[in-house]
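Participant: Sequence first, then the predicted structure, then my questions.
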Amino acid sequence: MERNQLHRQVALMRKSLFDQWLLQGYLDDQFIQLEELQDDANPNFVEEVVTLFYKDSSRLLVNIDQALEKKPLDFTKLDGYMHQFKGSSSSIGAKKVKAECTQFHDYCRAGNAEG
Amino acid sequence: MLFRNKMELKPQVSDTPSQHQQQQKQEQREKHFHVLAVDDSETDRKILEKILSVSSCQVTCVDSGDKALEYLGLVDANHQDSASPSQSERSQEDGLKVNLIMTDYCMPGMTGYDLLKRVKGSSWKEVPVVIMSSENEPSRINKCLEGGAEDFLLKPVQLSDVKKLQPRLLKSFDQSCTNLPDIDPMTTDNSKSNNNATKRKALSPEPSERRPKMKELTVL
């Protein structure tokens, strides 16, 4: 019984945390979709996807940093990385990250026009 | 916990043997529906794979159009354009069955559209190809549909998107499964017919009834 109680408590905590993030606009409906895909057969699905996302995005961020060091800036390349980053943020429901990417994308397009 | 177990034990269909048989065939058919998923993003591949396996599909994931072509036997060692048809036919003869290809549009190297054209110009041309993209661009969508795409899905792809596709796809899958007796009274054409127009017209209005398994999942 104790174990069940603990499980329930963890579930409640997770729910409050994600609810907060949802309210604050960090996560959107897509994240809920992912949670609904999780089941007893794959209880760690969401965790695995988020881990993958962090792996993907840290690699992309390194690439972006390196690209930002180059002179002149290669906007097409930067835009490409951003597009990928935006794609995976959108897939996990990272709403704010996705919004920042869109902003970056606009800067890139403006940069391209100038250059 | 107990409640959930109860749900699983409870029979989903009525007692008549023919309906039980139908459900068995349903499950058999669903287990063999093989989807080739193509996406360069590992995150997206994982999510798509989950969506498809939750929908009872068998899934193979590859990370590029080139790998997809390789899988289908459409690229030979010299990477020649449209490899000898016998190679891909051999794959098919060896029993390789792909019932659906789902591909991302934006990929480095070969785009989803390029892959679509290659598939449609090959011996795998009857296999429906669904293209996914984060960009809601009408010209892109039209280009893909005109290029022979079965459908175009906006990312992020959700379970409901795949569920919407399933009735249409399972219908033609049924027709091509010659060992499954015809359970749909609406089907009148022979098994070889893969005409898109026929598929659309014959869209069955009651697919949800035939899929107790799906319902079980949505009730989460």
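Facilitator: Alright, I've got the coordinates. All values derive from a computational prediction rather than experimental measurement. Numbering: from 1, shown residues only, chains lettered A, B, ... in the order given.

Participant: per-residue confidence at A:D74?
Facilitator: Note on A:D74: pLDDT of 85.

Participant: Tell me, how many residues neighbour it?
Facilitator: 16 (other Cβ atoms under 10 Å in any protein chain shown). Where you see a C-beta, it was placed from the backbone N, CA and C, and this is true even at glycine.

Participant: Next: A:D19.
Facilitator: 11.

Participant: Against chain A, how distant is B:G121?
Facilitator: According to Cβ to the nearest Cβ, to the nearest Å, B:G121 stands 28 Å off from chain A.

Participant: Give me the distance between that residue and B:L115.
Facilitator: Remark: distance between B:G121 and B:L115 (Cβ to Cβ, to the nearest Å) = 11 Å.

Participant: what are the ranges of the helices in chain A?
Facilitator: Ranges of helices within chain A are A:2-23, A:29-37, A:45-69, A:75-92, A:95-114, based on DSSP state H.

Participant: Give me the contact list for stretch B:101-118.
Facilitator: For stretch B:101-118, contacts defined as Cβ atoms under 8 Å, 6 or more residues apart in numbering or on different chains pick out A:83, A:87, B:35-41, B:44, B:48, B:52, B:64-66, B:68-69, B:74, B:82, B:119, B:127-135, B:140, B:143-144, B:147-149, B:153, B:155.

Participant: So which of the helices of chain A is the most surrounded?
Facilitator: helix A:75-92 (a mean of 21; mean count of other Cβ atoms under 10 Å in any protein chain shown).

Participant: and it, is it in reach of chain B?
Facilitator: Yes - Helix A:75-92 comes into contact with chain B (Cβ under 8 Å from any Cβ of the partner chain), by way of A:83-84, A:86-88, A:90-92.

Participant: Nearest to B:Q19, out of those residues: which one, please.
Facilitator: A:S91 (38.7 Å; Cβ to Cβ).

Participant: I figured that closest one hits B:D39, correct?
Facilitator: No - counting by Cβ atoms under 8 Å, A:S91 sits too far from B:D39 to count as a contact (9.8 Å).

Participant: Sketch out the low-pLDDT regions of the chain for me.
Facilitator: This is for chain A. Scanning chain A with the threshold set as pLDDT under 70 gives A:1, A:112-115.

Participant: Not quite, go with chain B.
Facilitator: B:1-16, B:25-31, B:76-86, B:93, B:176-220.

Participant: ok, which residues in it are in contact with chain A?
Facilitator: Residues of chain B that fall close to chain A, judged by Cβ under 8 Å from any Cβ: B:1, B:40-44, B:46-47, B:50-51, B:54, B:106, B:134, B:155-156, B:158-159, B:220.
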